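Peer 1: Predicted structure and sequence below. I'll ask about it afterward.
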Amino acid sequence: MQEFQTNKEDITQSRLIQAPINTVNDGEVLVKVDRFAFTANNITYAAMGDQLQYWQFFPPHGEDAKKWGIIPVWGFADVIESNNTELRVGERLFGYFPPANELVIKPMRVTPASLTDGSAHRAQLPPTYNMYQRVKHEPGYDRANDNQRMLLFPLHMASFCLYDLLKSNDWFGAEQVVIISASSKTSTGLAYGLADDKDAPHVIGLTSDHHLDFVNSIGAYDSALSYDNLEQIDASKPTVIVDMSANADLLSQLHMHLGDNMRYTSNVGLTHWDESRSADGIIKERSHQFFAPSHMQQRMKEWGVDEFNKRSTSYIMKSAAKTVPWLKIKELDGLNSLEDTYQDICDGKIGPDEGLVVVM
């Protein structure tokens, strides 16, 4: 069995190793990974692997295993062996998998719609990431839509949570929303949701020169600027910032430009993962790290799971429908192709209109 691993001290380094054949104990199932998406979001998982426990989901095998980690990916897998009475061979699951051929899951809290992996090493990890959807039980499930679902569902779920955060706080009193790294798919998913809300503030996309034409072309933002022209943002207006980049120097410039009118910053992603994460001038008391699974769990408690699923699914269907016309899906042939492409992903060389899918 092959396993794609990343060096935890230098996430630009990767390796493929041969892992031992899995043993399936009582109550467990063995799934064969069919396909998964790999995006800049996965690089964020690696960059924050220790801080947010992403390295804990799938323990690595091989020599010097402590130096290496397995980046979780969103994808589909099929049950090929079962020692569990509630899950038969042939079940198809959507959820969190390792970039590897197989995974052993211990199904718990099995319902017709979903199950949770009850493996001991995942017990303290966010429940959202331990849940798998039994897709063959979904009305109208169509494998033809798997690629879009893998690529967009996780990212636009975060978009929905950010939209809900902003709206439920009355936009933090802002008259404009600035989204940094506006070409990222989580950013565009958020911008589409804001564009659909007549009460939302003016939305400005901030992006690189290289991606400015793309950001202007997708109909998500009221206006767009390159990083070099951020001083054109009206500093007289109360502003909320959603930062997908984690580029501290850029964020510092924007905070100093806005001054007291910087009302709130949500620190989300790490599209500029290799840039400095600290700089003078950042208003830390009005800046907060955003973690989508925590927001989801809170809303599920307040609204109930069914209501949360209803609202989030409605949002994602609308934002995904606006994304599909410009999204170009590129399929990679297995883990060797992923390893060949991995450096380009780390270097940000994948176009914002591209979506990579690894077919095993």
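Peer 2: Sure thing, it's come through.

Peer 1: List phi and psi for Val177.
Peer 2: phi -110, psi 130 (degrees, to the nearest 10).

Peer 1: how about the helices of the protein, start to end?
Peer 2: 40-47, 146-168, 185-195, 212-217, 248-258, 292-303, 305-323, 334-346 (DSSP state H).

Peer 1: and stretch 187-205, average pLDDT?
Peer 2: On average, the pLDDT along stretch 187-205 is 97.

Peer 1: The chain should start at 40 in everything you say after this.
Peer 2: I'll keep to 40 as the first residue from here, and by that count the last item is stretch 226-244.

Peer 1: what about that stretch, start to end distance?
Peer 2: Here the two ends of stretch 226-244 are set 9 Å apart, with distance taken as CA to CA, to the nearest Å.

Peer 1: So for it, what gets flagged as buried?
Peer 2: 226-234, 239-244 (16 or more other CB atoms under 10 Å). Where you see a C-beta, it was placed from the backbone N, CA and C, and this is true even at glycine.

Peer 1: Centre of the chain to it, how far?
Peer 2: In terms of CA atoms, centre = their mean, to the nearest Å, the centre of stretch 226-244 is set 19 Å apart from its chain centre.

Peer 1: outside of that stretch, which residues touch it?
Peer 2: 191, 194-195, 197-199, 201-202, 205-206, 210, 213-218, 220-222, 254, 257-264, 272, 279, 281, 283, 354-355, 357-359, 361-362 (CB atoms under 8 Å, 6 or more residues apart in numbering).

Peer 1: Next one: Tyr84 from Trp113, what distance?
Peer 2: According to CB to CB, to the nearest Å, Tyr84 stands 10 Å off from Trp113.

Peer 1: coming back round to it: columns distance to Glu67 on top of the helices of the chain, output as CSV?
Peer 2: Shown next, in CSV, are these (distance: least, CB to CB, whole Å):
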stretch, distance to Glu67
helix 79-86, 25
helix 185-207, 24
helix 224-234, 34
helix 251-256, 45
helix 287-297, 44
helix 331-342, 24
helix 344-362, 25
helix 373-385, 23
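
Peer 1: wait, which of those is closest to Arg131?
Peer 2: Comparing the helices of the chain against Arg131 with CB to CB, the closest turns out to be helix 185-207 (9.2 Å).

Peer 1: Need the max-distance pair from the buried residues of stretch 226-244.
Peer 2: Longest span within those, CB to CB: Gly228 and His241, 18.2 Å.

Peer 1: re earlier: for Lys71, which of the helices of the chain is the nearest?
Peer 2: helix 373-385 (12.9 Å).

Peer 1: For that closest one, which helices and strands make contact with it?
Peer 2: Applying 3 or more CB pairs under 8 Å, 6 or more residues apart in numbering; DSSP states H and E, one finds that helix 373-385 contacts strand 41-46, strand 53-57, helix 79-86, strand 393-398.

Peer 1: For these, which has the smallest mean pLDDT value?
Peer 2: helix 79-86 (a mean of 89).

Peer 1: domain assignment for the protein?
Peer 2: 41-180+366-398, 193-332 (automatic domain parsing).

Peer 1: Looking at the buried residues of stretch 226-244, which is nearest Ile144?
Peer 2: Distances from Ile144 to those, taken by CB to CB, are shortest for Gly228, at 28.5 Å.

Peer 1: before we move on, the earlier item: and the contacts of stretch 226-244, which are buried?
Peer 2: 191, 194-195, 197-199, 201-202, 205, 210, 213, 215-218, 220-222, 254, 257, 259-260, 263-264, 272, 279, 281, 283, 354-355, 357-359, 361-362.

Peer 1: Low-confidence ranges, the stretch 290-399 of the chain, go.
Peer 2: Applying pLDDT under 70 to the stretch 290-399 of the chain flags residues 308-318.

Peer 1: go again using 90 as the cut-off
Peer 2: Counting by pLDDT under 90, the stretch 290-399 of the chain shows low-confidence ranges at 307-323, 328, 330, 332, 344-345, 348, 386-387.

Peer 1: all strands of the stretch 90-239 of the chain, in order?
Peer 2: Counting by DSSP state E, counting those that start in this stretch, the stretch 90-239 of the chain has strands at residues 107-108, 112-121, 131-136, 141-144, 146-147, 153-156, 170-173, 215-219.
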